[in-house]
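Colleague: Show me how the following folds:
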Amino acid sequence: MTHLVSSGELVTTGSNPGPADAQVQLTKAQRAARDTLLEQVQAAALTPPTFKELCESLGQSRDQIAGVVVLVR
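Modeller: Numbers count the residues shown, from 1 in each chain. Predicted structure coming up:
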C-alpha cells in the first residue's frame, strides 16, 4: 500500500486510504457542521473551543464530529 500512496494512486485521509481521483462528498448535515465548526474556531482565535464544546454546541456525537474534522484537515 505504501507504494500505491507514494505513486499517487491512493491517498490517505486520516487513517483511511482511498483512490486519488475520488472526491469526498459531505452530506448536508456534515457541511453544516463543518461550516459551524470552522466559524466557531475562527471566531475564538487564540482560544478555540475544545472538542467537547464543539460537540455540545453542534449537538452531535464525538464520532460524528471526528469524521468531519478528519475531512476538514
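Colleague: how about the strands of the chain, start to end?
Modeller: 10-13, 16-19 (DSSP state E).
Colleague: Would you tell me which of the ones you listed gets closest to Lys28?
Modeller: In terms of C-beta to C-beta, the element of these nearest to Lys28 is strand 10-13, at 19.9 Å. To be clear about C-beta, it is placed using only N, CA and C from the backbone, and glycine gets the same treatment.
Colleague: Flag the shaky bits of this structure, pLDDT-wise.
Modeller: 23, 71-73 (pLDDT under 70).
Colleague: Can you check which of the strands of the chain gets nearest to Ala43?
Modeller: strand 10-13 (26.0 Å).
Colleague: biggest helix in this protein by residues?
Modeller: Looking across the chain with DSSP state H, the single longest helix is helix 28-44.
Colleague: Between the strands of the chain, which one is closest to Val41.
Modeller: Per C-beta to C-beta, nearest to Val41 of those: strand 10-13, 19.2 Å.
Colleague: Distance from that closest one to the middle of the chain?
Modeller: Computed by C-alpha atoms, centre = their mean, to the nearest Å, the chain-centroid distance of strand 10-13 equals 14 Å.
Colleague: which parts of it are buried?
Modeller: Leu10 (16 or more other C-beta atoms under 10 Å).
Colleague: Please apply the same query to stretch 46-61.
Modeller: 54-55, 58, 60.
Colleague: likewise stretch 62-72?
Modeller: Buried-residue list, stretch 62-72, by 16+ other C-beta under 10 Å: 65, 67-69.
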